[in-house]
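Peer 1: Next one to model:
(one chain, ligands or ions: 1)
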Amino acid sequence: MNCLTPKAVRESISEYSELALPNDANGLGNVLGGKVMHLVDLAAALAALRHARRAVVTASVDHMNFLHPVKIGQLILLRSSVNRVFRSSMEIGVKVWVEDLQTGAVRHTSSAYLTFVALDATGQTVPIPPVIPETEDEKRRYEEAAQRRDYGWKCGEKASSG
Ligand SMILES: CC(C)(COP(=O)(O)OP(=O)(O)OC[C@H]1O[C@@H](n2cnc3c(N)ncnc32)[C@H](O)[C@@H]1OP(=O)(O)O)[C@@H](O)C(=O)NCCC(=O)NCCS
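Peer 2: Predicted structure coming up:
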């Protein structure tokens, strides 16, 4: 298969989970925001690697929110997918939930958008396969990713629409 053969979003959707342990706590007994950011970066890297099937680096974290605190003992659940590919870069969306393991209640706690860039063996940026959105949500995220990139470009960042 040609390495630039387009791939469906579903081919690289990734899931990751981790139990929140006391070592991850802030002074309030909730999980540190930085810990959640670390997990978001890992989950995003999984989708980026599965799509590109080559080395990728985090170029930017374009957006991240924290809607609710995560408590120690809860399970942190992450789901990542490729929203759009440009040339060597791609926007990855990550959604985070927490599950209360005693009640089974699941709550959306964070969302994030990250940009990953693919590199060759010499560290040069390389083109990656286009992504094909299939579901209505994937198509919406695909369009919104281009708008976010255009907005970043207008605000003086390096990225421009592809
Ligand atoms: C990301 C990196 C590879 C870009 O290198 P570069 O020489 O500036 O690359 P270019 O200018 O040719 O841009 C390559 C692509 O990256 C994108 N890009 C570069 N900087 C970006 C940024 N800050 N945010 C989003 N996209 C970015 C460009 O838009 C371009 O996308 P395209 O090919 O899809 O059109 C380089 O800055 C780097 O290695 N950064 C460190 C990454 C890292 O170590 N991450 C972990 C942090 S601990």
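Peer 1: give me the number of residues near the closest residue in space to residue 22 that isn't next to it in sequence?
Peer 2: With Cβ to Cβ, 6 or more residues apart in numbering as the criterion, residue 22 has its nearest non-adjacent residue at 5.6 Å, and that residue is residue 72. Placement of C-beta: from N, CA and C, glycine included. Neighbour count for residue 72, taken as other Cβ atoms under 10 Å: 14.
Peer 1: which SSE is residue 108 in?
Peer 2: strand 106-118 (DSSP states H and E).
Peer 1: Centre of the chain to that strand, how far?
Peer 2: How far strand 106-118 lies from its chain's middle: 4 Å, per Cα atoms, centre = their mean, to the nearest Å.
Peer 1: ok, and does that strand reach over to the ligand?
Peer 2: Yes: counting by Cβ under 6 Å from any ligand atom, contacts between strand 106-118 and the ligand involve 115, 117.
Peer 1: Output the contacting helices and strands for that strand.
Peer 2: Counting contacts by 3 or more Cβ pairs under 8 Å, 6 or more residues apart in numbering; DSSP states H and E, strand 106-118 packs against helix 33-52, strand 56-64, strand 89-99.
Peer 1: Just the buried residues of the next helix or strand after the second one, please?
Peer 2: Later in the chain than strand 56-64, the nearest helix or strand by DSSP H and E is strand 75-85. Of the residues in strand 75-85, those with enough neighbours to count as buried (16 or more other Cβ atoms under 10 Å) are 76-85.
Peer 1: hang on, the earlier thing: contacts for whichever helix or strand comes after the strand holding residue 108?
Peer 2: Of the helices and strands lying after strand 106-118 in sequence (DSSP H and E), the nearest is strand 131-132. Contacts with strand 131-132, where a contact means Cβ atoms under 8 Å, 6 or more residues apart in numbering, come from 6-9, 12, 51, 82-85, 90, 142.
Peer 1: got JSON lines for the residues you listed, with distance to the ligand and pLDDT too?
Peer 2: Below are these laid out as JSON lines (distance: Cβ to the nearest ligand atom, whole Å; pLDDT from 0 to 100):
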{"residue": "6", "distance to the ligand": "15", "pLDDT": "97"}
{"residue": "7", "distance to the ligand": "16", "pLDDT": "98"}
{"residue": "8", "distance to the ligand": "19", "pLDDT": "98"}
{"residue": "9", "distance to the ligand": "17", "pLDDT": "98"}
{"residue": "12", "distance to the ligand": "16", "pLDDT": "98"}
{"residue": "51", "distance to the ligand": "13", "pLDDT": "98"}
{"residue": "82", "distance to the ligand": "12", "pLDDT": "98"}
{"residue": "83", "distance to the ligand": "13", "pLDDT": "98"}
{"residue": "84", "distance to the ligand": "10", "pLDDT": "98"}
{"residue": "85", "distance to the ligand": "7", "pLDDT": "98"}
{"residue": "90", "distance to the ligand": "7", "pLDDT": "98"}
{"residue": "142", "distance to the ligand": "14", "pLDDT": "98"}
